[in-house]
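1. Build the 3D model from these lines:
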Amino acid sequence: RDSARRLREHLGLLSGGEWRQRRERELLEREQGAHEVDRVLGGEIVTAEDGGFFLLRSEYPLEHVHGALPLETALQSNTAHLAFTAMDNTLAGFDLRRTFFMDTETTGLAGGAGTVAFLVGIGRFTADTFRLDQCFMRDYDDEAPMLAWLAEQFKDCGTVASFNGKSFDLPLLRTRFIQNRIPFRVDGAPHLDLVHTARRVWKRRINDCSLGNVEREVLGVRRHGDVPGHLIPQMWLDYLHSRDARPLQGVFYHHRMDILSLVSLVGVLSQSLDRPDGGQFEHTEDQLSLVRLHFRQRQYDRVIELGNAYLEQDDRSPLRRECLEMLALACKRRERWSELGEHLELWHREFPSDPAAASELAKHLEHRARNLVRAGEVCRETLDRMMRGRAIFGGGTEQPGRASLGDRLARIEKKLRRGGVFPEDDGAD
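-> Residues are numbered from 1 along each chain as shown. Here you go, the predicted structure:
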């Protein structure tokens with residue numbers, strides 16, 4: 001018997017009597033509400049005529065550091081920078097003190113009529129703090145009073161900031177507000193969805209632009225005691241049955257960290273764009289993404305300025321091809337023909353097997369420089385390289401761009417045979 005007792009103690013096992021005592025104690029604590037959410041997490045129960053919900057409010061001083069920067073960095077942001085990265089002019093000049101940083105935890109990702117947001121967070125700046133309110137449904141009956149309380153808060157919302165909120169969080173909340181016949185007051189408000197910004201700026205470097213990976217690779221955030229996001233819906237359902245909120249401490253932590261990271265992202269983005277030359281971006285992939293952002297918004301003078309700076313410092317990366325292509329197209333849009341010729345020659349010299357480079361250079365030589373001999377040489381050189389590559393590596397399918405480049409060479413050779421021009425030549429590409 002003593003041996004069995006020592007073995008149980010060594011293994012941390014309970015005897016039948018000990019197990020019954022623990023079970024009875026847990027049942028008593030449950031009856032007394034010892035593990036209810038307000039007992040475990042603090043906070044308060046917000047009551048209304050039709051019920052109530054749990055509210056946990058956290059106040060962070062503006063100097064609180066999340067990642068590498070204090071929260072107040074976001075308040076100092078140039079909103080024109082944020083509008084630029086969001087490619088949304090409606091965000092220019094928005095008031096960060098009236099911005100609601102929002103995130104939800106839901107019963108699923110489908111977003112259908114049966115999906116509910118059981119935890120809704122809104123973070124906003126006050127005079128001297130960042131206030132983060134987490135609204136929690138203790139059961140399905142809490143949804144209506146929680147949404148009614150949120151509707152009152154939304155009266156002060158000038159702009160929404162989220163991470164994938166345009167596609168998921170706000171459509172889901174809109175559905176829940178409509179079903180509960182409560183006005184959804186953030187409809188139509190300017191929306192800074194940082195997932196799209198993160199992809200435009202950092203995807204080329206980090207590939208995975210989930211919030212967790214952006215935290216690690218860009219913000220320098222390290223979480224401790226976190227709960228994986230995919231476990232959270234089941235943890236809430238478990239709570240509905242057990243009424244034991246102790247496991248939810250990690251859920252509330254996860255949710256707070258998500259919202260704080262939105263604030264840090266705003267600060268990092270604006271700070272990175274403070275220098276006109278993009279020098280705050282340390283990685284060449286991010287610098288090229290900045291060039292691409294200007295290109296997509298047809299800011300061609302900036303493309304030329306930043307693209308040339310990029311080429312000066314990156315002399316080996318295969319990303320130079322993308323930069324050279326954007327530079328060539330920007331010079332064409334600005335009719336800077338001399339620079340266009342230089343960039344096209346460089347593009348073709350560095351990537352001689354690229355039919356796009358050969359085609360653009362040949363068009364420039366044919367129609368602007370009027371150098372048909374050189375245009376033909378460019379086409380032949382690239383076609384020969386493409387044929388050699390096909391012979392070495394095999395492949396029975398037609399190489400992209402080869403046929404059109406061959407047609408261009410045939411037209412150039414025909415012009416040369418006719419003395420340099422077609423009778424019908426109108427200068428078209």
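
2. Just after the helix or strand of the chain with the lowest mean pLDDT, pick out the following helix or strand.
-> Of all helical and strand segments in the chain, the minimum by mean pLDDT, DSSP states H and E falls on helix 16-31, at a mean of 58. Sequence-wise, the next helix or strand downstream of helix 16-31 (DSSP states H and E) is helix 37-41.

3. buried set for that next one?
-> For helix 37-41, the buried set under the neighbour-count rule, 16 or more other C-beta atoms under 10 Å, comprises Val37, Asp38, Val40, Leu41. To be clear about C-beta, it is placed using only N, CA and C from the backbone, and glycine gets the same treatment.

4. same question, stretch 355-370
-> Here stretch 355-370 shows Pro355, Ala356, Ala357, Ala358, Ser359, Glu360, Leu361, Ala362, Lys363, His364, Leu365, Glu366 as buried, counting by 16+ other C-beta under 10 Å.

5. got it, and stretch 224-234?
-> Applying a neighbour-count criterion of 16+ other C-beta under 10 Å, one finds Val227, Gly229, Ile232, Pro233 buried in stretch 224-234.

6. returning to what we had before: need the buried residues of stretch 355-370 in CSV (columns: distance to Val291 and secondary structure).
-> Written out in CSV, the entries for the buried residues of stretch 355-370 read as follows (distance: C-beta to C-beta, whole Å; DSSP: H, G, I helix; E, B strand; the rest coil):
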residue, distance to Val291, secondary structure
Pro355, 23, helix
Ala356, 18, helix
Ala357, 18, helix
Ala358, 23, helix
Ser359, 22, helix
Glu360, 18, helix
Leu361, 21, helix
Ala362, 25, helix
Lys363, 23, helix
His364, 21, helix
Leu365, 26, helix
Glu366, 28, helix
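
7. With respect to Asp141, which of the residues you listed is nearest?
-> Closest to Asp141 out of those is Ala356 (61.5 Å), distances taken as C-beta to C-beta.

8. what's the burial count for the residue nearest to that closest one when sequence neighbours are not counted?
-> Spatially, and ignoring its direct neighbours in sequence, Ala356 is nearest to Gly401 (6.2 Å; C-beta to C-beta, 6 or more residues apart in numbering). Taking other C-beta atoms under 10 Å as the neighbour definition, Gly401 ends up with a count of 17.

9. pLDDT at Gly401, what is it?
-> Note on Gly401: pLDDT of 82.

10. got it, and Phe393?
-> Confidence at Phe393, expressed as pLDDT, is 47.

11. for Glu424, same thing?
-> Looking at Glu424, its pLDDT stands at 47.

12. what's downstream of the strand ranked longest in the chain, the next helix or strand?
-> With DSSP state E applied, the strand covering the greatest number of residues in the chain is identified as strand 51-61. With elements assigned by DSSP H and E, the helix or strand that comes after strand 51-61 is strand 65-66.

13. contacting residues around that following strand?
-> Residues from elsewhere that reach strand 65-66 (C-beta atoms under 8 Å, 6 or more residues apart in numbering): Leu71, Leu219, Val221, Leu260, Ser261, Val263, Ser264.

14. Neighbouring strands of the following helix or strand past that strand in the sheet, and parallel or not?
-> From strand 65-66 onward toward the C-terminus, using DSSP H and E, the following helix or strand is strand 69-70. As defined by DSSP bridges, the strand partners of strand 69-70 come to strand 65-66 (antiparallel).

15. what's the distance between Ser359 and Thr79?
-> According to C-beta to C-beta, to the nearest Å, Ser359 and Thr79 sit 41 Å apart.

16. picking that back up, which of the buried residues of stretch 355-370 sits closest to Ser338?
-> Among these, His364 lies closest to Ser338 (C-beta to C-beta), at 10.7 Å.

17. got a list of what the closest one touches?
-> Contacts were defined as C-beta under 8 Å, 6+ apart; by that measure His364 touches Trp337, Leu340, Gly341, Leu344.

18. From those residues, list the buried ones, please.
-> Buried residues within those, counting neighbours by 16+ other C-beta under 10 Å: Leu340, Gly341, Leu344.

19. Now the first one: closest residue in space that isn't a chain neighbour?
-> It refers to Leu340. Excluding its sequence neighbours, the residue lying closest to Leu340 (C-beta to C-beta, 6+ apart) is Cys331, at 3.9 Å.

20. and what of Gly389?
-> Closest residue to Gly389 in three dimensions, ignoring its sequence neighbours and counting by C-beta to C-beta, 6+ apart: Ser353, at 6.3 Å.

21. how many other residues sit next to that neighbour?
-> Neighbourhood size, Ser353 [other C-beta under 10 Å]: 16.

22. mind listing what it touches?
-> Counting by C-beta under 8 Å, 6+ apart, Ser353 makes contact with Thr382, Arg385, Met386, Gly389.

23. what about the first one, neighbour count?
-> Other residues near Thr382 come to 26 when the count uses other C-beta under 10 Å.

24. picking up where we left off before, taking the buried residues of stretch 224-234 one by one, which sit in strands?
-> Checked against DSSP E, these include nothing in strands.

25. Which one of those residues is nearest to Arg370?
-> Of all those, Arg370 sits closest to Gly229, with 61.4 Å by C-beta to C-beta.

26. I'd guessed the closest one sits against His254; true?
-> Yes. Counting by C-beta atoms under 8 Å, Gly229 does reach His254; the two are 6.8 Å apart.

27. avg pLDDT for the longest helix along the chain?
-> The longest helix of the chain (DSSP state H) is helix 249-272. The average pLDDT for helix 249-272 rounds to 96.

28. got the angle for it vs strand 51-61?
-> On the basis of axes from the mean of the first three to the mean of the last three C-alpha atoms, to 10 degrees, helix 249-272 is oriented at 50 degrees to strand 51-61.
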